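Q: One predicted model, sequence on top.
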Amino acid sequence: MTGERERHWRTVYTDKQPNAVSWYQPTPEQSLLALDRFGAEPGQSLIDIGGGASTLVDALLARGWGDVTVLDIAAPALAAAQARLGVASANVAWEVADITEWQPPRRYDVWHDRAVFHFLTTPEQRAAYVRALGEGLAADGLVIIATFALDGPEKCSGLAVERYDADRLAAKLGPGFTLAADWRDEHITPWGARQAFTWCVFSRTD
């Protein structure tokens, strides 16, 4: 299954420019809002799960973050981000990995995931994600996750997704994480379609 997922996303980023995919956003406004709201600071460490070619890493570097890791299953997505950043890419740790099989080498202060979790459609995949989260998040760490809302798309990039509200997402993460805030956002795709997202911030409590 991992091989199929890797081939799918590698093809997506090989066939399309980063700004031609539905999840593209010029500025990661909601992510930065969450970081600011909960006092995340440039001196902390952050990992962007499924960060791919996202511009979040650009914004973090511009803000002075010095310990940023971007993880994605598709090497071409990370290569696009590296090419865009140029020499600044040397200041970022890049991980090509499937989150459901990844073994965190360390712990991070902030775990950020915009739209990976909703692609995990089996209990086994979700359990593997929560395992990685538990191993990779600092004891007092912050979790920022965005998924399609209950009225959001049923598919993305040709793949089925799971849709969530805050209560359902909290139940999937389990008792080790406490919901600190949630809100709704409507993402506008490059071609003008609206996609409803649920954004949640959790604190670690175990």
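A: Nice, thanks for sending it over. Residues are numbered from 1 along each chain as shown.
Q: Break down the protein into its helices, ranges please.
A: 2-15, 29-37, 56-62, 75-85, 123-136, 166-173 (DSSP state H).
Q: how far away is residue 128 from residue 155?
A: Residue 128 is 22 Å from residue 155, where distance means CB to CB, to the nearest Å. The way it works is simple: take the backbone N, C-alpha and C, and place the C-beta from them, glycine included.
Q: Residue 126 is in contact with residue 120, isn't it?
A: Yes. Between residue 126 and residue 120 there is a contact under CB atoms under 8 Å: 4.9 Å.
Q: neighbour count winner among the two?
A: residue 120 (20 against 17; other CB atoms under 10 Å).
Q: Find the residue closest to residue 31 in space, skipping its chain neighbours.
A: The shortest distance from residue 31 to any non-neighbouring residue, by CB to CB, 6 or more residues apart in numbering, is to residue 56 (5.4 Å).
Q: Tell me if I'm right that that neighbour and residue 113 touch.
A: No. Using CB under 8 Å, residue 56 is not in contact with residue 113; the gap is 10.9 Å.
Q: Which residues are in contact with each of the two?
A: residue 48 (CB atoms under 8 Å, 6 or more residues apart in numbering).
Q: State the number of residues packed around residue 115.
A: 21.
Q: Which residues are in contact with it?
A: 23, 50, 146-148, 156, 197.
Q: how about CSV for these, with pLDDT added?
A: Formatted as CSV, the contacts of residue 115 follow (pLDDT from 0 to 100):
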residue, pLDDT
23, 62
50, 94
146, 97
147, 96
148, 94
156, 83
197, 95
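Q: ok, now how distant is the nearest residue to residue 199 once chain neighbours are set aside from residue 157?
A: Distances taken as CB to CB, 6+ apart place residue 146 nearest to residue 199, at 4.7 Å, with adjacent residues excluded. Taking CB to CB as the measure, residue 146 falls 16 Å from residue 157.
Q: more crowded one of the two?
A: residue 146 (25 against 15).
Q: hang on, the more buried one packs against residue 196?
A: No. If you go by CB under 8 Å, residue 146 and residue 196 don't touch, sitting 10.8 Å apart.
Q: about what we covered before: which of residue 128 and residue 155 has more neighbours?
A: Using other CB under 10 Å as the criterion, residue 128 and residue 155 rank with residue 128 on top: 17 against 9.
Q: Could you list which residues are in contact with the more buried one?
A: Contacts for residue 128 (CB under 8 Å, 6+ apart) come out as 99-101.
Q: okay, these in a markdown table with neighbour count next?
A: Listed next are the contacts of residue 128 as a markdown table, based on neighbours: other CB atoms under 10 Å:
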| residue | neighbour count |
| --- | --- |
| 99 | 24 |
| 100 | 20 |
| 101 | 11 |
